[in-house]
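Engineer: Show me the folded form of this:
(3 chains)
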Amino acid sequence: MEDGQRMYSQQGGLTNMSGNVLPQYNMGQDEPSDQRKQEIGDILQQIMTITDQSLDEAQARCRKHTLNCHRMKPALFSVLCEIKEKTVLSIRNSQEEEPPDPQLMRLDNMLIAEGVAGPEKGGGSSAAANATAAASGGQPDSAIEHSDYRAKLAQIRQIYHTELEKYEQACNEFTTHVVNLLREQSRTRPIAPKEIERMVTIIRKKFAAIEMQLKQSTCEAVMILRSRFLDARRKRRNFSKQATELLNEYFYSHLSNPYPSEEAKEELARKCGITVSQVSNWFGNKRIRYKKNINKAQEEANMYAAKTAAAAAANVGPEGGIPWTCIILALL
DNA sequence: AAAAATGATTTACT
DNA sequence: AGTAAATCATTTTT
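Structural biologist: Have a look, this model is predicted:
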């Protein structure tokens, strides 16, 4: 804060921030131009001092006030106006409306598709989530129904939203701050509303870039989660012994035509506590693997045939007919 | 650790 | 749309 740091106390032409020499100005009044220059120099110096030094609030207010009330202030203002007239041309031509970034669109679309952006859905219990999944899509089980996946996705969504909110808030705060600053400065230097507008769009653009980064990384996170879980979808668990038993019973008792109808599949699914397409998978696998080595499967077939026979016998009574057809079919 | 079993997925066909 | 067949990726058994 020593005076030794002053580096802009020239008396002739003053250098502005860009290093250009500001034109010397004569308002055509009767004062000698030397004195005028001197005074303008003083005012500018004061301005520089204010912007340069970090004054405490009260001190700054005081200085600004004296500056605003300086008798030469209107003159300085018009000087600045004129300077601006000359330089504004270079600023003006950055007003093009940019088309929406296709990459941003892509990211947005993906985020909405993944349910990260857009309306909140299926927030509560996994049962509710499953219900909505089953209701909304025609693919109840191939749709992602793992509560784990949903939990992770919800986590990502939450982070995404809080971050987005934070950015938005920061952007607004910063924008209003800058606008206020410019408004205040417009008392001492000419600032067109368009310039403020431009500044705001610049700020918004910067924050949009940050937002885009957020979206990008969110997308990446979702992709990682997705790939892991789509692979993890194969992370199977064997059906319960009971379920396998039921399926095998059906298979071997319908060995001549082991193609359960939709209704039959539904019932099996219900009884086994698995989905219909799991039943379909099972039968698909079973048929092909049965066919692949009938010899070995024969034992199993006999076993289940005997089992159903026994069951039927038990049902009909000790004298009841043995369902030979089952066994014969099984042996074919 | 290797092999077998098993549920899920993919591909192609009808 | 439903299936056979091949294949994948894991679980279970040996």
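Engineer: backbone phi and psi for A:Tyr252, please?
Structural biologist: As for A:Tyr252, its main-chain torsions (degrees, to the nearest 10) stand at phi -80, psi -20.
Engineer: Can you report how many residues lie near it?
Structural biologist: 25 (other CB atoms under 10 Å). Every C-beta, even on glycine, is put in place using the N, C-alpha and C of the backbone.
Engineer: And the pLDDT at it?
Structural biologist: On pLDDT, A:Tyr252 comes in at 92.
Engineer: so it touches A:Tyr304, yeah?
Structural biologist: Yes. A:Tyr252 is within contact range of A:Tyr304, at 3.6 Å (criterion: CB atoms under 8 Å).
Engineer: so where do the strands sit in chain A?
Structural biologist: For chain A, no strands are identified by DSSP state E.
Engineer: domains for it, by residue range?
Structural biologist: Per automatic domain parsing, the structural domains of chain A span A:3-91, A:102-232, A:241-331.
Engineer: any idea which of these scores lowest on pLDDT?
Structural biologist: Among those, domain A:3-91 scores lowest, with a mean of 60.
Engineer: Nearest spatial neighbour of A:Cys272, chain-adjacent residues omitted?
Structural biologist: A:Ala243 (3.6 Å; CB to CB, 6 or more residues apart in numbering).
Engineer: before we move on, what about A:Met199?
Structural biologist: That would be A:Val178: by CB to CB, 6+ apart, it lies 5.9 Å from A:Met199.
Engineer: Just give me the neighbour total for that neighbour.
Structural biologist: For A:Val178, the neighbour count with other CB under 10 Å is 15.
Engineer: That one and A:Lys271: what is the separation?
Structural biologist: As judged by CB to CB, to the nearest Å, A:Val178 and A:Lys271 stand 68 Å apart.
Engineer: swap in A:Arg183?
Structural biologist: 74 Å.
Engineer: go on, A:His70?
Structural biologist: Taken as CB to CB, the span from A:His70 to A:Lys271 is 93 Å.
Engineer: go on, A:Pro119?
Structural biologist: Counting by CB to CB - A:Pro119 and A:Lys271 are separated by 37 Å.
Engineer: So which of these two has more stuff around it?
Structural biologist: Taking neighbours as other CB under 10 Å, A:Pro119 and A:Lys271 compare with A:Lys271 leading, 14 against 6.
Engineer: give the contact list for that one.
Structural biologist: The contact partners of A:Lys271, by CB atoms under 8 Å, 6 or more residues apart in numbering, come to A:243, A:246.
Engineer: can we see that at 6 Å?
Structural biologist: By CB atoms under 6 Å, 6 or more residues apart in numbering, the residues touching A:Lys271 are A:Leu246.
Engineer: What of A:Gln46?
Structural biologist: A:Gln46 neighbours (CB under 6 Å, 6+ apart): A:Leu67.
Engineer: go again using 7 Å as the cut-off
Structural biologist: A:63, A:67 (CB atoms under 7 Å, 6 or more residues apart in numbering).
Engineer: circling back: tell me, how many residues neighbour the residue nearest to A:Cys272?
Structural biologist: Using other CB under 10 Å, A:Ala243 is surrounded by 19 other residues.
Engineer: List the contacts of it.
Structural biologist: A:272-274.
Engineer: Please state the backbone phi and psi of A:Arg71?
Structural biologist: The phi/psi pair for A:Arg71 (degrees, to the nearest 10) is phi -70, psi -20.
Engineer: Same check on A:Ile274?
Structural biologist: phi -130, psi 180.
Engineer: what about it, distance to DNA strand B?
Structural biologist: 7 Å (CB to the nearest atom of the strand, to the nearest Å).
Engineer: tell me which parts of the stretch 201-332 of chain A are close to DNA strand C?
Structural biologist: A:231-232, A:234-238, A:259, A:262, A:280, A:283-285, A:287-288, A:291 (CB under 7 Å from any atom of the strand).
Engineer: Was I right to think A:Leu246 contacts A:Cys272?
Structural biologist: Yes. A:Leu246 lies in contact with A:Cys272 (CB atoms under 7 Å); the separation is 5.4 Å.
Engineer: and A:Glu98, how far is that from A:Arg198?
Structural biologist: For A:Glu98 relative to A:Arg198 (CB to CB), the value is 14 Å.
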